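> got a sequence here, can you model it:
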Amino acid sequence: MSEDNKEEFEKKLQAAISEGLRSVKVSSELRSRILERLEAEPRAEIPSGITEESLSDFQGKLSRAVHRTTQEWAAEDEVVLRTESGLSREMGRNVLSERAIVALSSEQVTPEELLDFPDVEEKKRFVEALRGEVRRTTLEKKAPQLARRRVVKALEKEMGSERAPGIASFVSKRTWRRGLSALTSLAAGFAVVFITVFGSADAALASSVRADHQHCCRAAHVRDKAPKGSLEAMVESKFGKVPVPDVDSSWVLRVSRVCLNDEGKPMVHFLYSRNREADKVETMSFHFIPTDQEAQEKLDLKVKQATEISDSDDFPVLGWLDGNWVCTVCSNDMNADELRHQASR
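Residues are numbered from 1 along each chain as shown. Next up is the predicted model:
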């Protein structure tokens, strides 16, 4: 069978399967028999004291318990890597999962158990490429610098001294945010293109550190009421001296490690927690991303002056520049002013 005939056969087969699935319906006779059987079944009485409100409350608590079991109590990525590395050695083949591969990418040294497997690097490249394509399809990657410059120059030419009708400048960052929020009522395609071209570097940075903060909070169990002692901050790294923050003594350092941002680039992460009240644990994350001058120019940040780079009042993110580091601090337990006080110590 030729390639053309094979392709035509596959298309016809897929079309026939799709049509068959769409057209399958239960006969009226079968529906009637099922309904009769259901009607004949005795109905269980609801126990006394059980109401619709109590059932709804139980379902909500059960849902939250399942979420904690599958998310907050999940093993750390490093534990998954060590376990699957040992398992790979015992089985004689590479059985690393995606979580283990991500943890391996952040490690400086490959575990000894994996040295005999030549496909480890190939699997790492595949996972990184796959994650990159997923980010690209969800439009998390910003527009190329050349495209940004062309758009900015075109706008400057149009606005000039005699601003063209219909083009308004956002005179402040607060006004700029209001303009972005108003775009949500416009066509989705236009809004996506607009947000991707303008200001996406700050938005991508904020989104990346937020996601890493939540991931490490779950992995390190920082919501536990009793912290397991304080760690030593990573002062020196292969990227140079880390600008360690001067936080007050109420904070306990729970995580000091190199994580990866949404683009797979390294960032030094310090995660702190403290008990403010008997039933409340506050968390705060500092991220330090080693980068060059060109990358820093894409961000709307100032040298050693914390600037808010997110539009969320519930999960603020502040950023600033310190040498060859892009620094951020974020927390979903404090507001921007409280974070600014911590960053300026």
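
> and Val80, how far from Asp333?
According to C-beta to C-beta, to the nearest Å, Val80 and Asp333 sit 27 Å apart. (C-beta placed from N, C-alpha, C; glycine too.)

> out of the two, which sits in the busier spot?
Neighbours per residue (other C-beta atoms under 10 Å) separate Val80 from Asp333, with Val80 holding more: 21 against 16.

> residue contacts, the closest residue to Val255 other than its chain neighbours?
Closest residue to Val255 apart from its sequence neighbours, by C-beta to C-beta, 6 or more residues apart in numbering: Leu271 at 3.7 Å. For Leu271, the contacting residues are 213, 216-217, 220, 222, 253-256, 283-285, by C-beta atoms under 8 Å, 6 or more residues apart in numbering.

> want to throw the residues you listed into a markdown table with pLDDT, neighbour count and secondary structure?
Shown next, in a markdown table, are these (pLDDT from 0 to 100; neighbours: other C-beta atoms under 10 Å; DSSP: H, G, I helix; E, B strand; the rest coil):
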| residue | pLDDT | neighbour count | secondary structure |
| --- | --- | --- | --- |
| His213 | 93 | 26 | helix |
| Cys216 | 89 | 21 | helix |
| Cys217 | 88 | 20 | helix |
| Ala220 | 81 | 19 | helix |
| Val222 | 81 | 24 | coil |
| Leu253 | 90 | 20 | strand |
| Arg254 | 89 | 24 | strand |
| Val255 | 89 | 20 | strand |
| Ser256 | 90 | 19 | strand |
| Thr283 | 92 | 22 | strand |
| Met284 | 94 | 24 | strand |
| Ser285 | 95 | 26 | strand |
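
> ok, those vs Glu29, which is closest?
Glu29 lies nearest to Cys217 out of the contacts of Leu271, by C-beta to C-beta, at 56.3 Å.

> pretty sure that closest one contacts Arg210?
No. Using C-beta atoms under 8 Å, Cys217 makes no contact with Arg210, being 10.8 Å away.

> leaving aside the residues next to it on the chain, what's closest to Arg131?
Gly264 (6.8 Å).

> does that neighbour lie in a helix or a strand, and which?
Under DSSP states H and E, no helix or strand contains Gly264.

> and Glu98, its phi and psi?
Backbone torsions for Glu98, taken as degrees, to the nearest 10, come to phi -60, psi -40.

> measure it to Ser106 for me?
From Glu98 to Ser106 the distance is 13 Å (C-beta to C-beta).

> who's more crowded, those two?
Each of Glu98 and Ser106 has its neighbours counted (other C-beta under 10 Å); Ser106 has more, 17 against 13.

> does Arg37 count as helix, strand or coil?
Secondary structure assignment for Arg37 (DSSP: H, G, I helix; E, B strand; the rest coil): helix.

> what is the neighbour count of the residue nearest to Arg131?
When neighbours are defined as other C-beta under 10 Å, Gly264 has 15 of them.

> and for the one 10 residues further on?
Using other C-beta under 10 Å as the criterion, Arg274 is surrounded by 19 other residues.

> quick check, it in a strand?
Yes. Looking at Arg274 with three-state DSSP, it is inside a strand.

> what about Gly92, neighbour count?
By the measure other C-beta under 10 Å, the count of residues near Gly92 is 9.

> strands of the stretch 201-345 of the chain, residue ranges please.
236-237, 240-241, 252-260, 266-277, 280-290, 307-308, 317-322, 325-330 (DSSP state E, counting those that start in this stretch).
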